[in-house]
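Asks: The sequence and its predicted three-dimensional model are supplied below.
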Amino acid sequence: MTLLKFHELWKPVLVMIIVNLALAFVNIFLKKVLNEGVDYLTILTYRQAISAVFLAPIACFYERKRKLEGHIICLLFLSALVGVTLTQYLYLIGLEYTSATFSCAFLNMVPVFTFIMALPLGMEKVNMKSLSAKAKVLGTFVCIGGALLLILYKGMPLINRQPEHIADKGITTTSASKLKKWIIGSLLLTAGCLLWSSWFLIQARISKKYPCQYSSTAILSFFAAIQSAMLTLVIDRNNAKWILKGKLEIMTVIYAGLVGSGLCYVAMSWCVKQRGPVFTSAFTPLLQMFVAVLDFSILQEEIYLGSVAGSVLVISGTYILLWGKSKEEEQCVVKDTQENQEGEECINNFEASPNVPSKLRPKGEH
C-alpha cells in the first residue's frame, strides 16, 4: 500500500521532468534551424498539424465513446489560441526584441503568474497560519529571485573561458531606440507568460469536464495549426517559406510535432488533471536548466556563474513550492479521513442510542 501511494505521489513529478527535458530538446533543435533562416511561424504551423494527425487516430481508438459537447469545443479553441498560437507568437516577437537568454529565463515566471491568477478563482488558497501556505509563498518569491538573478547577473564564465573582449561582447551601451525595443520586448514576454499561465487554468477546467487527454490535445493541435497558418498568411504571404530544406529541418518539425506539441501536451494535461495547474506549471523553471546544459554540451556555449546561481535558486524555489503543495494535499487527506470517521461514529452512536425508535433502527436491531 505504501509503495502504491509513493508511486502515485511521484509519478506526476517524473512525468513533468521528462516533459521539460523533451521540450528542452525541442528548443535546441528549433534554435539550430532558426539560425539557418527558417521561419518560426511556419514551423509552428507544421508541428501543430503533425501533432493533430498523430494524436487523432489514438484519440479515436481510446476515447471514441466519449461525447464531445459544443462548449468543450469552444474551450479547446480558446485554449489553443491562448496556450499555443498567441503565446508562441508573443514569445517570438519578444525574442526578436530582446535576447534568447532573457526570453528563456522569463518563462520561469509562469509558476508565479499561475499561482497568483489561481487565487481569485478559488483554485488556490493561502492561509498564512499554515506552514504549507507559507512554503508556497516563500517558494514563489525564491523562484522570482532566481529568475531575476538569471536575467540581471551574468558573472564570470565557469567553463571554456574566452578572451575578455569576446566575453564582454554583448555588454554595450544601448541607444534610446534599442532600449525602447527592449522594454517593448519585456512587455510582450510578460503578456506571453500571462497567456501561458492562463492556459493551465483553462486546461484545468477542460480536464474536469472532458477528461480525455488524447482527444483534447488532438483538437487543440488542430485549432492551433489553423490559427498559426492564418497568422502566418496575414504577416507574410511568401509561399517559398513553406518549403522545408534539409534533413535537420524536417526532423525538427516531426520531433516538435510528435513530442513537443503532441505527447508533451498530453502529459501536461494529465498532470493538470492529477495535481492541478500550479503543480504542473511549477516545473517550468526546469526547462531553463535543461536548455543551459544542452546549450553547453551540444551547441558548445559557455556556462556563467549567474546562470548556475540563478538556476540553484529556481530549483530551490520549485522544491519549496512543491513541498508546500504536497503538505497541503496531505492535510486535506487527513481532514477528509477525520470527517469520515466522525460521521461513522455519529451514525454508530445514533443506532446504539436507547432513545432511538425501533422504526429508525436497521433491520434486525429491535
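Replies: In hand now; what should we look at? Residues are numbered from 1 along each chain as shown.
Asks: make it CA atoms for all contacts and neighbour counts henceforth
Replies: Fine.
Asks: low-confidence ranges in the stretch 1-150 of the chain?
Replies: The model of the stretch 1-150 of the chain has pLDDT under 70 over residues 1-8, 99-102, 105, 150.
Asks: Which secondary structure elements does the helix or strand containing Phe54 sit against?
Replies: For Phe54, the element it lies in under DSSP states H and E is helix 40-63. Where contact means 3 or more C-alpha pairs under 8 Å, 6 or more residues apart in numbering; DSSP states H and E, helix 40-63 is packed against helix 213-235, helix 247-255.
Asks: Can I get that helix in PDB? Just the C-alpha atoms.
Replies: The C-alpha trace of helix 40-63 is given here as PDB (Å, rounded to 0.1, in the frame of the first residue of the first chain):
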ATOM      1  CA  TYR A  40       9.300  30.100 -36.800                       C
ATOM      2  CA  LEU A  41       5.600  30.500 -37.500                       C
ATOM      3  CA  THR A  42       5.900  28.100 -40.400                       C
ATOM      4  CA  ILE A  43       7.500  25.500 -38.100                       C
ATOM      5  CA  LEU A  44       4.800  26.200 -35.500                       C
ATOM      6  CA  THR A  45       2.100  25.500 -38.100                       C
ATOM      7  CA  TYR A  46       3.700  22.300 -39.300                       C
ATOM      8  CA  ARG A  47       4.300  21.000 -35.800                       C
ATOM      9  CA  GLN A  48       0.700  21.500 -34.700                       C
ATOM     10  CA  ALA A  49      -0.600  19.900 -37.800                       C
ATOM     11  CA  ILE A  50       1.700  16.800 -37.300                       C
ATOM     12  CA  SER A  51       0.600  16.700 -33.700                       C
ATOM     13  CA  ALA A  52      -3.100  16.600 -34.700                       C
ATOM     14  CA  VAL A  53      -2.500  13.900 -37.300                       C
ATOM     15  CA  PHE A  54      -0.500  11.800 -34.900                       C
ATOM     16  CA  LEU A  55      -3.000  12.000 -32.000                       C
ATOM     17  CA  ALA A  56      -6.300  11.800 -33.900                       C
ATOM     18  CA  PRO A  57      -6.100   8.000 -34.500                       C
ATOM     19  CA  ILE A  58      -5.100   7.400 -30.900                       C
ATOM     20  CA  ALA A  59      -8.000   9.500 -29.700                       C
ATOM     21  CA  CYS A  60     -10.500   7.700 -31.900                       C
ATOM     22  CA  PHE A  61      -9.300   4.300 -30.700                       C
ATOM     23  CA  TYR A  62      -9.200   5.000 -26.900                       C
ATOM     24  CA  GLU A  63     -11.700   7.800 -26.400                       C
END
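Asks: still on that earlier bit, need the helices and strands packed on helix 40-63 in JSON lines (columns: distance to Asn35).
Replies: Below are the helices and strands packed on helix 40-63 laid out as JSON lines (distance: least, C-alpha to C-alpha, whole Å):
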{"stretch": "helix 213-235", "distance to Asn35": "19"}
{"stretch": "helix 247-255", "distance to Asn35": "11"}
